[in-house]
Structures are given as C-alpha cells and as structure tokens.
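J.: Compute the structure for the input listed below.
(2 chains)
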Amino acid sequence: AQSVTQLGSHVSVSEGALVLLRCNYSSSVPPYLFWYVQYPNQGLQLLLKYTTGATLVKGINGFEAEFKKSETSFHLTKPSAHMSDAAEYFCAVSLQGAQKLVFGQGTRLTINP
Amino acid sequence: GAGVSQTPSNKVTEKGKYVELRCDPISGHTALYWYRQSLGQGPEFLIYFQGTGAADDSGLPNDRFFAVRPEGSVSTLKIQRTERGDSAVYLCASRPTGGSYNEQFFGPGTRLTVL
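T.: The predicted structure is shown next:
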C-alpha cells in the first residue's frame, strides 16, 4: 500500500526566504504525485502534479517540486515566500490507474514579516 | 464556472443521531470522491463513485457509513448512529471524464461535530 510522510507538521519562514516542504512516499510502483494547498475554510487546491516525463514540475504561485525516484521524495519549494503563502500544504500519492488519493498529514506554513 | 459545493457547511448533532451530507459535483464530472479529514490530519479516502455506482468503498470505516449517487451527479453521505469520533471535516471531490491523472477538484467541506 502507498503511504506519504511529510516531515515537519509546522514550518515557519521569513517573508522572502526559501520555502522547502518535504514529502517522502512509499509505493511499490511509480506513482502519481501531487501537492495541494488548503487555505482556512476553503477546499483543497491543486498546486502541481507529477505523472510522467520531466521530474521538475512547476505549479501555480511560483511553487515547484522535483520527483526523485532514488530518494522516493517529492519536496515542494518556492524561492521567495510571500505572506499569502501561509496555508496548510498536503502531499498526496496515487497509483497509476487507481483512483483514490493517499495524503500526508500536512504541513502548516507560517510566513513571518 | 461553479465548483464543487457541499451542504451544509457546518453540522452539529448529538451522539446517536443520523446525518446526511450532500455533495454537488462540477457539472459533467462523472467521478466523485468522499474523504474525511480529522483535526490535524490529512484527508482519508472513504468512497469513490464512477457514475451511479460505488467503484471503491474500501475506505468506509464501518457499516454506519453509507453513500449514494442515484442519478450520477449529486451524492449523499449518510452516517447512522453518529459517534463523537465521527467529528471531522468531510470533503467531496469530483473529476471529469477522461480527466488527466486523477486530478480531483475539491469542495469546501462539511464540518461535522458530534456532541
């Protein structure tokens, strides 16, 4: 069965600093990988996804993630944090052909002025 | 266009009562999912519909939980004999026919509180 581990339930960075949110997955076959963002009292919004092809994936709001098969990782980065990036971020995995998403526990990102 | 909508946004009930949570998917989306998000956790899969039928209900925790989608659009999640442990945010998501790679569009959720 697949699983997702997000290292750090809470990450705090200064405005303008690098954002790095870590995600490791466990899967017996190459999965599809996703990052979702959740703002307070709102639904999950897809930031980016990896399916096949280029391992560096660019998403919305300046975020990107790199699929590293050897490390079973899919870390999310953004070069310069904005106050509006404060939210909860979820990494998720899905097997090719399967339908359900398996989510990590989430990382709450706080941006300090 | 309109996104996935869920009603009610909040539901408070007493232990032992029956509740229904409604999900209106994006028009034309044939796939519909229910997830449950407990406090401080990521969403957990409950059930997936393709059209009117439940294609995967492996995430339903027990027989108190049941979901229907009789006409292939709106879905209702039904919880009988609610328990305090059922308190969570229940999320619905839909996906279009032929939608690429499981991209699911989520609603804002229903926050269920069982007293």
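J.: The residue most central in space within chain B sits in which helix or strand?
T.: Nearest to the mean C-alpha position of chain B, by CA atoms, centre = their mean, lies B:W34 at 3.2 Å. Taking DSSP states H and E as the definition, one finds B:W34 inside strand B:31-37.
J.: hmm, back to that, test my guess that the residue nearest to the centre of chain B contacts B:A67.
T.: Yes - contact criterion CB atoms under 8 Å: B:W34 and B:A67 qualify, at 5.9 Å. For glycine as for every other residue, the C-beta is placed from the backbone atoms N, C-alpha and C.
J.: shared neighbours of the two, which are they?
T.: Applying CB atoms under 8 Å, 6 or more residues apart in numbering or on different chains, one finds that B:W34 and B:A67 are jointly contacted by B:L46, B:I47, B:S75, B:L77.
J.: Please list the residues of chain B that sit near chain A.
T.: Chain B comes close to chain A at residues B:3-4, B:31, B:33, B:35, B:40-45, B:48, B:50, B:55-56, B:59, B:91, B:93, B:100-109, as judged by CB under 8 Å from any CB of the partner chain.
J.: Just the buried ones from these?
T.: By neighbour count, with 16 or more other CB atoms under 10 Å in any protein chain shown, those hold B:4, B:31, B:33, B:35, B:42-45, B:48, B:50, B:56, B:59, B:91, B:93, B:102, B:104-109 as buried.
J.: related to what we said a few turns ago, report the rounded mean pLDDT for the strand holding B:W34.
T.: The pLDDT scores in strand B:31-37 average 95.
J.: Which residues does that strand contact?
T.: Contacts of strand B:31-37 with the rest of the structure, by CB under 8 Å, 6+ apart, involve A:99-101, A:103, B:23, B:25, B:43-50, B:67, B:69, B:75, B:77, B:88-97, B:99, B:104, B:109.
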